[in-house]
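**Student:** Mind looking at a prediction? Sequence and model below.
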Amino acid sequence: MIHTYLGQTIRFEVKYKKRTSMSIHIDSNGYVEVHVPKGISDERVILALEGKWDWIQLKLKEMKARSLGPTAKAYEHGESFLYLGNEYPIQITQDTEVQQDYAVFEEEKLHIFVKQLEDEKVKQALKRFYYQQCKMLVEKSIRSFQSNFKVKPRSIRITDNKTNWGTCDSKLQLTFNWKLAMAPQKVIDYVVVHEMCHMVHLNHDRSFWRLVGKIIPDYEEQENWLALSSWKMTV
């Protein structure tokens, strides 16, 4: 189907499913799908599309940028980096008195303090910040959702996993990718709940997804964010 609104035109497909609400999905190629309950009229589908129009256009714009690939980061004043789903500029300060290079988030900026003004020093200070923030954010999320589970994780680690956002092994040890600190809180919550659900169901069977959906009803939207935005999560 094709729809034009506010001077912009998109192509989309409607898929009728056993569900009680509508949701919009955009895959890695910019293909738009609207998942709707059976019996929903075309008019309501269009209204739903128009209600999310700005979000759709933003995601399609991101897809176009993604097709060009990530640009190399410059470790200088004003360069932007993701934190909790938003882009913030960095402000670099050289301080020969610091014991260890570090970064803090204040006043809508990522302030970086380094002993030597070197790109690698700035980069490592940023990564250290993301590791620390990821651990704090993940632990906070686990505390928030622990009441949904009878078992608790035995350990929590933050790693540089190249293939997974999180893992849970048979010993109930949870690990999370440090880059999650760049994602919105809702996305972090979803990844955390996903791995906590593996404490109950180690595979991805129907029972597992029912439990995930019970705790995070809009988990598909969070997966969608990761699918569309992970390419930007770089340092």
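**Tutor:** Okay, I see it. Bear in mind the structure is a predicted one, so any value in this text is a computation, not a measurement.
**Student:** Give the buried residues for stretch 44-59.
**Tutor:** For stretch 44-59, the neighbour count (16 or more other C-beta atoms under 10 Å) marks Val45, Ala48, Leu49, Ile56, Lys59 as buried. From N, CA and C alone the C-beta is placed, and that goes for glycine too.
**Student:** residues in contact with that stretch?
**Tutor:** With contacts defined as C-beta atoms under 8 Å, 6 or more residues apart in numbering, stretch 44-59 is touched by 3, 5-6, 8, 10, 12, 14, 22, 24, 26, 30, 32, 34, 36, 228.
**Student:** Pick the one among those closest to Gln132.
**Tutor:** The closest of the contacts of stretch 44-59 to Gln132 turns out to be Leu228 (C-beta to C-beta; 26.3 Å).
**Student:** what's the spacing between the host helix or strand of that closest one and its chain's center?
**Tutor:** Using DSSP states H and E, Leu228 sits in helix 219-229. Distance of helix 219-229 from the chain centroid (C-alpha atoms, centre = their mean, to the nearest Å) equals 7 Å.
**Student:** that older thread, just the buried ones among the contacts of stretch 44-59, please.
**Tutor:** His3, Ile10, Phe12, Met22, Ile24, Ile26, Gly30, Val32, Val34, Val36, Leu228.
**Student:** now, which of those residues lie within helices?
**Tutor:** In this view, these that belong to helices under DSSP state H are Leu228.
**Student:** could I get the buried ones among the contacts of stretch 44-59 as a markdown table with pLDDT?
**Tutor:** Supplementary listing: the buried ones among the contacts of stretch 44-59 in a markdown table, determined by pLDDT from 0 to 100:
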| residue | pLDDT |
| --- | --- |
| His3 | 90 |
| Ile10 | 89 |
| Phe12 | 91 |
| Met22 | 87 |
| Ile24 | 89 |
| Ile26 | 85 |
| Gly30 | 78 |
| Val32 | 90 |
| Val34 | 91 |
| Val36 | 90 |
| Leu228 | 79 |
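**Student:** Need the buried ones among the contacts of stretch 44-59 in JSON lines (columns: distance to Gln91).
**Tutor:** Converted to JSON lines, the buried ones among the contacts of stretch 44-59 look like this (distance: C-beta to C-beta, whole Å):
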{"residue": "His3", "distance to Gln91": "43"}
{"residue": "Ile10", "distance to Gln91": "38"}
{"residue": "Phe12", "distance to Gln91": "41"}
{"residue": "Met22", "distance to Gln91": "42"}
{"residue": "Ile24", "distance to Gln91": "37"}
{"residue": "Ile26", "distance to Gln91": "34"}
{"residue": "Gly30", "distance to Gln91": "34"}
{"residue": "Val32", "distance to Gln91": "38"}
{"residue": "Val34", "distance to Gln91": "42"}
{"residue": "Val36", "distance to Gln91": "46"}
{"residue": "Leu228", "distance to Gln91": "28"}
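**Student:** Which residue, other than its chain neighbours, is closest to the residue nearest the centre of the chain?
**Tutor:** Ranked by distance to the mean C-alpha position of the chain (C-alpha atoms, centre = their mean), the top residue is Ala183 at 3.6 Å. Of all residues not flanking Ala183 in the chain, Gly85 sits nearest, at 5.9 Å (C-beta to C-beta, 6 or more residues apart in numbering).
**Student:** Do I have it right that the one you found meets Leu180?
**Tutor:** No - using C-beta atoms under 8 Å, Gly85 is not in contact with Leu180; the gap is 10.7 Å.
**Student:** Can you check which residues contact both of the two?
**Tutor:** Taking C-beta under 8 Å, 6+ apart as the criterion, Gly85 and Leu180 both touch Val187.
**Student:** Appreciated, that's everything.
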